[in-house]
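J.: Quick one, fold the following:
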Amino acid sequence: MPLQMCNWVAANNKENPFRLFLYLKLSYPSGKIQWNKTDVDLASITLCNTPKTIKSNFKKVQELGWLYYDDEYKFYRLYALDKIRDNNDWELRRAFPFNYKDLTHIRASLGAIIYTQLYKTYCRKHFKRSSNVLKSRSANEPTAVSCVIKKYAEVSVLSVKAFYGLTINKAVRLKQEAQKHGLIEVKKQYFKLKKNQAYISKKGAQYRDESQNVVFINGEYYLQLIDRIYSDLYFKRRKKIETL
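T.: Okay, the predicted model is just below:
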């Protein structure tokens, strides 16, 4: 799926119809759907939704312009991703290859996609590409051994809000979901404060109308810094985006 489509879905709270759309793309590669009772029941079982919810989301998918009814042949057609991308002026060619497993935790997948985009941008700016993998050969080893060095990037929820239009609360929830399902790694960062420093930091945040980032852990005050993120999520880039 195009990354810009994923970003739009998260920003506009369209996860449920998007999840059904993904299911339809995976289950009907020809793009043709009769959408009878059997189709509805199969979708209901796969997505663990009631038939009523499936029908409601199917209607929303149609309203979003992702499928249409072919009057001539009397079945529904899924729009090709290129067509959807062009209709929404999404210029980027990068995409994420969803599978059935992603349907079980769609918000986690979307969160991982969003944070990985910022992660990759940070890495391109701050890390040399060749430094991610170090190859060494010892006298006792006839073959080269690859040692992957993980590079963590500082990715703020404020960046997610600024670049993708998500609220701070949603940016936090998506990050937590992505971490919970093992799609990204998150390391917390703290700076220890003295009691008077904690008071000043709280007052300063209140004065600037910013969210509070002073936490109390094991009897000590800490300033919570930007989380460090690691992701090995893979994006594809195609000259012409296929159905999936």
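J.: Next, the buried residues of the helix or strand harbouring Lys161.
T.: In this assignment (DSSP states H and E), Lys161 forms part of helix 157-164. For helix 157-164, the neighbour count (16 or more other C-beta atoms under 10 Å) marks 157, 159-161, 164 as buried. In this view, the C-beta of every residue, glycine as well, is placed from N, C-alpha and C.
J.: which of those lies closest to Ala80?
T.: Tyr164 (24.6 Å; C-beta to C-beta).
J.: And the strands in this protein?
T.: Using DSSP state E, the strands assigned to the chain run over residues 32-33, 67-70, 75-78, 94-95, 133-136, 145-148, 153-154, 185-187, 190-193, 214-217, 220-224, 228-230, 236-237.
J.: worst average pLDDT in those?
T.: When these are ranked by mean pLDDT, strand 133-136 comes last with a mean of 40.
J.: give the contact list for Ile226.
T.: 154-156, 189 (C-beta atoms under 8 Å, 6 or more residues apart in numbering).
J.: how close does Arg85 get to Leu22?
T.: 15 Å (C-beta to C-beta, to the nearest Å).
J.: Can you pull out the low-pLDDT segments for the chain?
T.: By pLDDT under 70, the low-scoring segments of the chain are 128-148, 194-216, 221, 224, 238-244.
J.: mind listing the helices for it?
T.: For the chain, the helices defined by DSSP state H cover 3-11, 15-27, 37-47, 51-63, 81-87, 106-126, 157-164, 168-180, 195-207.
J.: Dump the C-alpha coordinates for the second one into PDB.
T.: As requested, the backbone C-alpha atoms of helix 15-27 are provided in PDB (Å, rounded to 0.1, in the frame of the first residue of the first chain):
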ATOM      1  CA  GLU A  15      -8.500   2.400  10.100                       C
ATOM      2  CA  ASN A  16     -11.600   0.300  10.000                       C
ATOM      3  CA  PRO A  17     -12.600   0.800   6.300                       C
ATOM      4  CA  PHE A  18      -8.900   0.600   5.400                       C
ATOM      5  CA  ARG A  19      -8.600  -2.700   7.200                       C
ATOM      6  CA  LEU A  20     -11.500  -4.100   5.100                       C
ATOM      7  CA  PHE A  21     -10.000  -2.600   2.000                       C
ATOM      8  CA  LEU A  22      -6.700  -4.500   2.700                       C
ATOM      9  CA  TYR A  23      -8.700  -7.700   3.200                       C
ATOM     10  CA  LEU A  24     -10.500  -7.200  -0.100                       C
ATOM     11  CA  LYS A  25      -7.200  -6.500  -1.900                       C
ATOM     12  CA  LEU A  26      -5.600  -9.700  -0.500                       C
ATOM     13  CA  SER A  27      -8.700 -11.900  -1.000                       C
END
